[in-house]
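> Show me how the following folds:
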Amino acid sequence: QVQLVESGGGSVQAGGSLRLSCAASGYAYRFFCRGWFRQAPGKERDEVALIDPSRNTRYADSVKGRFTISRDNAKNTLYLQMNNLKLENTAIYYCARASGYYCSNDFPNWGQGTQVTVSS
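This is a model prediction of the structure:
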């Protein structure tokens, strides 16, 4: 059974930083694309960053240069380092696992989400 558990969310002032973590269990972690998504109030969930098993990455334009996705296959953990946070980054952040190696696959497995709140 695939389990994804996020942590590291919280409240921060604009310009600050947070590091999200997502611990995975129940599958062969290193063979799957992983990703971070977010859902802001009143908006649909959208993609933030993806990383495949070869550590190729893809970022939403709005976070390029500020957010960094990484993975530790030995710890079965996915990370999202978020720097220079902006008010519009306030959202629930979810980690997810793709159905295969490639990040073009669908994402059937999701964590419960962690709240990130950025204030002025």
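
> Name the residue closest to the centre of the chain, please.
Residue closest to the average C-alpha location in the chain (C-alpha atoms, centre = their mean): W36, at 2.4 Å.

> Which element, helix or strand, includes that one?
Element membership for W36, per DSSP states H and E: strand 34-39.

> and that strand, what other elements does it pack with?
strand 18-25, strand 46-51, strand 67-72, strand 77-82, strand 91-97 (3 or more C-beta pairs under 8 Å, 6 or more residues apart in numbering; DSSP states H and E). C-beta: built from backbone N, CA, C; applies to glycine.

> Which one, of these, ends up nearest to V5?
strand 18-25 (4.9 Å; C-beta to C-beta).

> Quick one: list the elements packing against the closest one.
strand 3-7, strand 34-39, strand 77-82, strand 91-97, strand 114-119.

> For R45, list the residues it contacts.
F37, R38, Q39, Y94 (C-beta atoms under 8 Å, 6 or more residues apart in numbering).

> hmm, which of those are the buried ones?
Among these, those classed as buried by 16 or more other C-beta atoms under 10 Å are F37, R38, Y94.

> So what's the residue count around L87?
Here the number of neighbours of L87 (other C-beta atoms under 10 Å) works out to 11.

> Same question for the one 10 residues further on.
With neighbours defined by other C-beta under 10 Å, the count for R97 comes to 24.

> Touching, it and D106? I think so.
No. Using C-beta atoms under 8 Å as the test, R97 is too far from D106 to be in contact (10.3 Å).

> For C22, give its distance to W36.
For C22, the distance to W36 (C-beta to C-beta, to the nearest Å) stands at 8 Å.

> next one: S70
11 Å.

> tell me the contacts of S11?
Counted by C-beta under 8 Å, 6+ apart, S11 has contacts T117, V118, S119.
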